[in-house]
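Engineer: Sequence plus the predicted model coming up.
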Amino acid sequence: MKKNILTLLLVISFVSCDKKEEGEYADYLVATPITMSVTDFKNSVDIVAPRPINESGKIYAYEDYIFVNDKYKGVHVIDNSDPSSPQKISFIKIAGNVDISVKGNFLFADSLTDLIVLDISEINAIRIVNRMEDVLRDNVVWPIADIYEYDGINYQNEILIGWDVQTESRLKSEVYDRFDDQILLAEAANDSQVGQGGSLARFKIVNDYLYVVDSHTINVFEISDLENPKDLEDIYAGFDIETIFNRGNNLFLGSMRGMYIYDITSPATPTFISEFQHGTACDPVVVDGDYAYVTLRGGNNCGATESGLFIVDISDITTPVLATSYVMDEPYGLGIKDNKLFICDGKSGLKVYDKTNIDNLVSLNHYENIITFDVIPMDETLIMIGDEILYQYRYLDNDIELVSSMNLN
């Protein structure tokens, strides 16, 4: 049986060798913990009325519904039967939640190290049917930040369920001293009954199996009985894993070190095939044909200083090689629909390309002055989220057209 293990990781932060004068300040990303009592955590799942979003996370589409993660707090449920006028239905409170996946009217969600199963067959009467405790061993998501204010947490009575990250001005010399000894706790649908997540997803359902990646592991669940998943053996997969994508009998794992490819011909026991290393950068991946498209985002804890799109030739799945690359500003999620490639380039907006010739991507449009995070290319519409706004676009021959924008606040 898996145990809930909070592993202490020593974080080595690199700062300038030249210390500045006393009294000189700089802006830093400061993460402060969000905690909850152990008792409240175990009873934290509830279905409540729609409410404003606090911090938008990942998106997931299933039938006529869109699910939007509110980081560490739960999931907003949206009726999208009319994409021109989506409507909030409810909010599913799930402490520590960042990811979901859906099959056959059952929604699977993480609550830190617990796996929650909810029946959504009656969308106005969602109910919890199972809570599997301590099955997601290392499923603690750490935000990108320069400073983590973890002092004062009572680990006997409290649970760390997330982080609030704000930009603060700090004395450089104090930050330098802290770094000396800082210790931290450390898709395309394959089934008509399965929903679709974006490129930043860590949950993936393939037939009767649910795969959940944490920083080091593929957690495998057999879900032929949707209400009662079977917790199978974990597969150690590497370091700093962030995302998962499926094509056929292969899983593609995006990590801060590269892309790992696993074979799921025997679905209960994924086996390593190959990897493509790209250095250190935050890394989602999608696959189409003989190519994997990987966005690398540098800066902060991502490590790399440059950001870009890497296109990797996987025609020989055992030996992936870089085909070409393009400079980006701060890319997050990406998606593909036919010959269109969509890249969420953070504050630089949504970029749309014709990828017919990977050596010469043709820009079809660039939606500037919006903040973008992740996309899901559906059959009829492109769904995108960024800065607490849900966007939907209609495909055109050589472009896309905005259908609606919904402020989640």
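Structural biologist: Arrived safely.
Engineer: Quick one: the helices in the protein, in order.
Structural biologist: Residue ranges of the helices in the chain, as given by DSSP state H, are 38-42, 172-179.
Engineer: So which bits of the first one are buried?
Structural biologist: When you say that, I think you mean helix 38-42. Within helix 38-42, the residues scored as buried using 16 or more other Cβ atoms under 10 Å are F41. Where you see a C-beta, it was placed from the backbone N, CA and C, and this is true even at glycine.
Engineer: Packing partners of that helix?
Structural biologist: strand 158-171 (3 or more Cβ pairs under 8 Å, 6 or more residues apart in numbering; DSSP states H and E).
Engineer: C-alpha coordinates for the strand it packs on, CSV please?
Structural biologist: Below are the C-alpha coordinates for strand 158-171, written out as CSV (Å, rounded to 0.1, in the frame of the first residue of the first chain):
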residue,chain,number,x,y,z
GLU,A,158,-2.5,21.1,9.5
ILE,A,159,-2.2,20.1,5.9
LEU,A,160,-0.5,22.2,3.2
ILE,A,161,-3.1,22.4,0.4
GLY,A,162,-1.5,25.0,-1.8
TRP,A,163,0.4,28.3,-2.1
ASP,A,164,-0.5,31.9,-2.6
VAL,A,165,2.1,33.6,-4.8
GLN,A,166,2.5,37.4,-4.8
THR,A,167,5.2,39.8,-6.0
GLU,A,168,6.8,41.5,-3.0
SER,A,169,9.7,43.9,-2.6
ARG,A,170,12.4,42.4,-0.4
LEU,A,171,15.8,43.5,0.8
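Engineer: Parallel or antiparallel, list what pairs with it.
Structural biologist: Paired neighbours of strand 158-171 in the sheet (DSSP bridges): strand 25-37 (antiparallel).
Engineer: Name the residues that touch the strand it pairs with?
Structural biologist: 44, 72, 95, 143-150, 153, 157-172, 175, 300 (Cβ atoms under 8 Å, 6 or more residues apart in numbering).
Engineer: before we move on, what about stretch 331-342?
Structural biologist: Taking Cβ under 8 Å, 6+ apart as the rule, stretch 331-342 contacts 198-200, 284, 286, 288, 293, 295-297, 307-309, 343-346, 350-356, 361, 364, 372-377, 382, 384, 395, 400.
Engineer: hang on, the earlier thing: any idea which of the helices of the chain has the lowest pLDDT on average?
Structural biologist: Lowest mean pLDDT of these: helix 172-179, a mean of 60.
Engineer: Could you list the low-confidence segments of the stretch 201-350 of the chain?
Structural biologist: 278-282, 298-305 (pLDDT under 70).
Engineer: Count residues in the vicinity of the nearest residue to S81 once chain neighbours are set aside, would you?
Structural biologist: Excluding the flanking residues, the one nearest S81 by Cβ to Cβ, 6 or more residues apart in numbering is D64, at 4.2 Å. Look at D64: counted by other Cβ atoms under 10 Å, it has 13 neighbours.
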